[in-house]
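**Student:** quick one, structure for this:
(chains A and B)
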There are 2 protein chains.
Amino acid sequence: MKITTLTSDISLKRQLEQGNEQQLQTVREVIADVRAKGDAAIKYYSEKWDGFAPENLRVTKQEITDAVNNFDSQLYMDLQEAADNIRLYHNEQKRNGFQLPLADGSYLAQRITALDAVGLYVPGGSATYPSSVLMNVIPAQVAGVKRIVITSPAGKDGKLPEAVLVAGHILGVTEIYKAGGAQAIAALAYGTETIAPVDKITGPGNIYVALAKREVFGEVAIDMIAGPSEICVLADDTAYADEIAADLLSQAEHDTLACAVLITTSDDLADEVAEQVEIQLSRLPREAIARKAIENFGQIYVAESIEEAVRAVNSLAPEHLEVVTENAEQVSQMVTHAGAIFIGRYSSEPVGDYFAGTNHVLPTNSTARFASGLNVDDFIKRTSVVYYSQKTWQQNASKIARLARLEGLEGHARAVESRGWDKGDEA
Amino acid sequence: MKITTLTSDISLKRQLEQGNEQQLQTVREVIADVRAKGDAAIKYYSEKWDGFAPENLRVTKQEITDAVNNFDSQLYMDLQEAADNIRLYHNEQKRNGFQLPLADGSYLAQRITALDAVGLYVPGGSATYPSSVLMNVIPAQVAGVKRIVITSPAGKDGKLPEAVLVAGHILGVTEIYKAGGAQAIAALAYGTETIAPVDKITGPGNIYVALAKREVFGEVAIDMIAGPSEICVLADDTAYADEIAADLLSQAEHDTLACAVLITTSDDLADEVAEQVEIQLSRLPREAIARKAIENFGQIYVAESIEEAVRAVNSLAPEHLEVVTENAEQVSQMVTHAGAIFIGRYSSEPVGDYFAGTNHVLPTNSTARFASGLNVDDFIKRTSVVYYSQKTWQQNASKIARLARLEGLEGHARAVESRGWDKGDEA
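**Tutor:** Predicted structure coming up:
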């Protein structure tokens, strides 16, 4: 890894894949087809792109039972424990509405209601991501969403990955469809004979999925369009180089566009980490991917002081930040922009990817300046409530009418004034 | 207004203005120009489209003082009282992070931090909207945003509307620029010599502003793209027709695409409201706009029962809902989808537009199914925190490594396992 002296603000920003005109055209055609032809369009495109046209889009109870029975029992317990941890953390995010009493019996309120239905897209391909199921479904369940749907492309064998079905089973999600790509997103947004539409779509996917989500945005809500993973480690001379190198590589192995940055106050650590990254890279199964990421977006910065290092962290606004320094807790308190912070030597970043309980869907590409990781609030909405008594109305009607007229909205003023002083009613 | 019997779910959805290719091209050129030429580009386009090129983009202290001194003192007090009410309500939305202790000294936490800087766009043109300033700025202030910027196109006289400067003054916002259109949005997103960039842009605007916000989305956060106003009144035979008609027209006067719907269990009320709408329309200054809205998107539905009426309300998911019935509070509790609810005869909708304290930036076009009005959470972000002690790590490392390997991510497993059992350290 390159080592440079930290001299100014630094940036992780990468030009993200926007898709080309051809891809967008394809996505629009697929969406139009699904709207016009429903299930038949999903099957057509599944056969065309995934090599399998499922007769029944919905996964059967038997398929789920088979997956659970085949699944390693130790891994089942691990997933179960991870789910419990994630639920524990997200329960803390839940909150109630409020009622604010005003004078004379009037009040203002905020009511919190859950979305009716949400859909989680789980990508197909060679890998399988049960952790995505846990991270997307649990916040929705904690929010109180009643209908939660999972959709994922079937493999050429017509099956969904066992681990995905098992994760769904552990959470009690049984509405699972064999549909992938833009056709799945269109089905979730507009509905088909088999798949009723949802109000929000979350989950990662390839460029076609991302483009389709952007196309249906407004019709339904979507989560963020996630960029490649990022890790920033802030470390001093108390850190161990082999551990820091391993953590940097854990994110680099995700994607050739992933980003791994060390900011340290120790020249020695900088050198040792660079060396360790080389050693560990050569032994990594996903060496090719990780090496490319490190070459393109790996960097070690040497800072004058912890304060200077923290300033750089805040300019990066990284998705993941590890603080491995003396007084790591206090140092972390100076950080204002980061998706997730891991404090101390034993809080290796993958702890949060799978198990600790925090969410692994986090803002990338410096958007931690203004965005948050997936959380319970992503699955609720707020309704404001106004109750004015006659007396409160009497006291304020003329003020409200004046403000309306200041904006040239006479109809607003008349509406407020229309309440009959002389109708002799009290509501 | 047309009167029909309610028979099934109803919809308010309208095809919203998406802008055409020509407009999008213009917006992209303007953004590129502002990025390349900064202030000079803003002045160029201001002269071209607003008929005035300000020498200094920033409004001076003297201009603000002059506006305050010229302003009607009664209206000043009205705005001040409205601001106090809005602050009172939004203070209730504020919340703290949390820390969740685990075993062995470990913990998970959620930290809440405010955005650093936000920009509010205030449209120009004939009307002036001080209420927009209050509704957008106060939630940001309550969230703790330190830098709040207002930008608005100057008139041909080189001035911003007095009421906007006064509203800013009341809230203590002094960073105000004379810049409008796509050039203002580009300046807020990318910065110029004079205008430092912000992290989030809120506020309404014309199609060029909306397209520009969509273009810079991702670089910065934006609020929703608001559609035309909507009101739905749910009323029984206890309601007064003249009052309901006035409230329907208060939203119809906003826009020819505005939507005004009455759902009632009373045939008599339906007839009387239709008659009252006609009478009141003919006396309204903005009759032409309101009449067009009523013709296109005005509708009275007669329902069999309150339950049937509420079902229709939930299928509409209206921006504004008035409940003017017996037991209005209880009836309102059955509503799951609405941006804001106004309960009872004296809670005329404009009460919330200006004064009560709730926010008037609300989800339109059925998006209340999944979206909320502008609130304090729109100006904060959450950072999750993981602290694992050595013991917690020891207990869970093998589980986490197994889950990582299940997903084929060996680098993740090795990172967690890398912590030295034998280095004899405790962090």
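
**Student:** any idea how many residues pack against A:Asp377?
**Tutor:** By other CB atoms under 10 Å in any protein chain shown, 18 other residues sit near A:Asp377. Quick note: C-beta positions are derived from backbone N, CA and C, even for glycine.

**Student:** got the contact list for the closest residue to it other than its chain neighbours?
**Tutor:** Nearest residue to A:Asp377, sequence neighbours excluded (CB to CB, 6 or more residues apart in numbering or on different chains): B:Asp377, at 6.4 Å. Going by CB atoms under 8 Å, 6 or more residues apart in numbering or on different chains, B:Asp377 touches A:Asp377, B:Gln93, B:Ala143.

**Student:** just A:Ser305 next, same as before
**Tutor:** Contact partners of A:Ser305, counting by CB under 8 Å, 6+ apart, are A:Thr265.

**Student:** could you look up the SS state of the residue nearest to A:Asp377?
**Tutor:** Counting by DSSP: H, G, I helix; E, B strand; the rest coil, the backbone at B:Asp377 sits in helix.

**Student:** check what pLDDT it gets.
**Tutor:** Looking at B:Asp377, its pLDDT is 97.

**Student:** same question for A:Trp49.
**Tutor:** Reading off the confidence values, A:Trp49 has pLDDT 88.

**Student:** give me the neighbour count for the closest residue to A:Glu63 other than its chain neighbours.
**Tutor:** Take A:Glu63 and drop its neighbours on the chain: the residue closest to it by CB to CB, 6+ apart is A:Leu165, 6.7 Å away. Neighbour count for A:Leu165, taken as other CB under 10 Å: 27.

**Student:** torsion angles phi and psi at A:Leu165?
**Tutor:** With angles defined as degrees, to the nearest 10, A:Leu165 sits at phi -60, psi -40.

**Student:** just checking, it touches A:Thr60?
**Tutor:** No: assessed by CB atoms under 8 Å, A:Leu165 is found out of contact with A:Thr60, at 10.5 Å.

**Student:** related to what we said a few turns ago, so which of the contacts of B:Asp377 would you say is closest to B:Ala290?
**Tutor:** Top of the list for closeness to B:Ala290, among the contacts of B:Asp377 and by CB to CB, is B:Gln93 at 33.1 Å.

**Student:** how close does the closest one sit to B:Thr5?
**Tutor:** For B:Gln93, the distance to B:Thr5 equals 40 Å [CB to CB, to the nearest Å].

**Student:** for the residue nearest to A:Glu63, list the residues it contacts.
**Tutor:** By CB under 8 Å, 6+ apart, the residues touching A:Leu165 are A:Val59, A:Glu63, A:Ile64, A:Ala67, A:Val68, A:Ile176.

**Student:** pull the number of nearby residues for the fifth one.
**Tutor:** Applying the criterion other CB under 10 Å, we find 15 residues in the vicinity of A:Val68.

**Student:** that older thread, out of B:Gln93 and B:Thr5, which sits in the busier spot?
**Tutor:** Taking other CB under 10 Å, B:Gln93 and B:Thr5 do not tie; B:Gln93 has more neighbours (20 against 10).

**Student:** over to the more buried one. Which of the three states is it?
**Tutor:** Per three-state DSSP, B:Gln93 ends up coil.

**Student:** can you tell me how far it is from chain A?
**Tutor:** For B:Gln93, the distance to chain A equals 7 Å [CB to the nearest CB, to the nearest Å].

**Student:** ok, now how distant is that residue from B:Ala117?
**Tutor:** Applying CB to CB to B:Gln93 and B:Ala117 gives a distance of 20 Å.

**Student:** what strand or helix carries A:Leu160?
**Tutor:** Assigned by DSSP states H and E, A:Leu160 belongs to no helix or strand.

**Student:** how close does the residue nearest to A:Glu63 sit to chain B?
**Tutor:** With CB to the nearest CB as the criterion, A:Leu165 and chain B are 13 Å apart.

**Student:** same question for A:Ile112.
**Tutor:** On the measure of CB to the nearest CB, A:Ile112 and chain B end up 9 Å apart.

**Student:** thought that residue was touching A:Gly97?
**Tutor:** Yes: with contacts counted by CB under 8 Å, A:Ile112 reaches A:Gly97, the gap being 4.6 Å.

**Student:** more crowded one of these two?
**Tutor:** Taking neighbours as other CB under 10 Å, A:Ile112 and A:Gly97 compare with A:Ile112 leading, 18 against 15.

**Student:** tell me the bridge partners for the more buried one.
**Tutor:** Note on A:Ile112: beta-bridge partners by DSSP bridges are A:Arg382.

**Student:** which residues touch it?
**Tutor:** The contact partners of A:Ile112, by CB under 8 Å, 6+ apart, come to A:Arg95, A:Asn96, A:Gly97, A:Ile380, A:Lys381, A:Arg382.

**Student:** which regions of the stretch 301-427 of chain A sit below the pLDDT cut-off?
**Tutor:** Along the stretch 301-427 of chain A, segments meeting pLDDT under 70 span A:421-427.

**Student:** please enumerate the strands of it.
**Tutor:** Counting by DSSP state E, counting those that start in this stretch, the segments of the stretch 301-427 of chain A that form strands are A:320-324, A:340-343, A:380-387.

**Student:** same list (those) but as JSON lines, adding mean neighbour count.
**Tutor:** What follows is the strands of the stretch 301-427 of chain A, written out as JSON lines (neighbours: other CB atoms under 10 Å in any protein chain shown):
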{"stretch": "strand A:320-324", "mean neighbour count": "29"}
{"stretch": "strand A:340-343", "mean neighbour count": "27"}
{"stretch": "strand A:380-387", "mean neighbour count": "26"}
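
**Student:** ok, the residue nearest to the spatial centre of chain A to chain B distance?
**Tutor:** Among the residues of chain A, the one closest to the centroid is A:Val361, at 3.6 Å (CA atoms, centre = their mean). As judged by CB to the nearest CB, A:Val361 and chain B stand 11 Å apart.

**Student:** that residue is in contact with A:Leu134, isn't it?
**Tutor:** No: in this structure, A:Val361 is not within contact of A:Leu134 by CB under 8 Å, at 10.7 Å.

**Student:** next, count neighbours for A:Tyr76.
**Tutor:** For A:Tyr76, the count of nearby residues is 16 (other CB under 10 Å).

**Student:** an error on my part: the question was meant for A:Glu295.
**Tutor:** 12.

**Student:** before we move on, what about the one 4 residues further on?
**Tutor:** Counted with other CB under 10 Å, the burial measure for A:Gln299 works out to 19 neighbours.

**Student:** my guess is it contacts A:Ser11. True?
**Tutor:** No: judged on CB under 8 Å, A:Gln299 makes no contact with A:Ser11 at a distance of 10.8 Å.

**Student:** for the closest residue to A:Asp237 other than its chain neighbours, list the residues it contacts.
**Tutor:** Of all residues not flanking A:Asp237 in the chain, A:Ser266 sits nearest, at 4.0 Å (CB to CB, 6+ apart). A:Ser266 is in contact with A:Ala235, A:Asp236, A:Asp237, A:Ala239, A:Val302, counting by CB under 8 Å, 6+ apart.

**Student:** ok, those residues vs chain B, which is closest?
**Tutor:** Distance to chain B, by CB to the nearest CB, is smallest for A:Ala239 among the contacts of A:Ser266, at 9.5 Å.

**Student:** now do the contacts for the closest one.
**Tutor:** By CB under 8 Å, 6+ apart, the residues touching A:Ala239 are A:Val233, A:Thr264, A:Ser266, A:Leu269, A:Val324, A:Thr325, A:Arg345.
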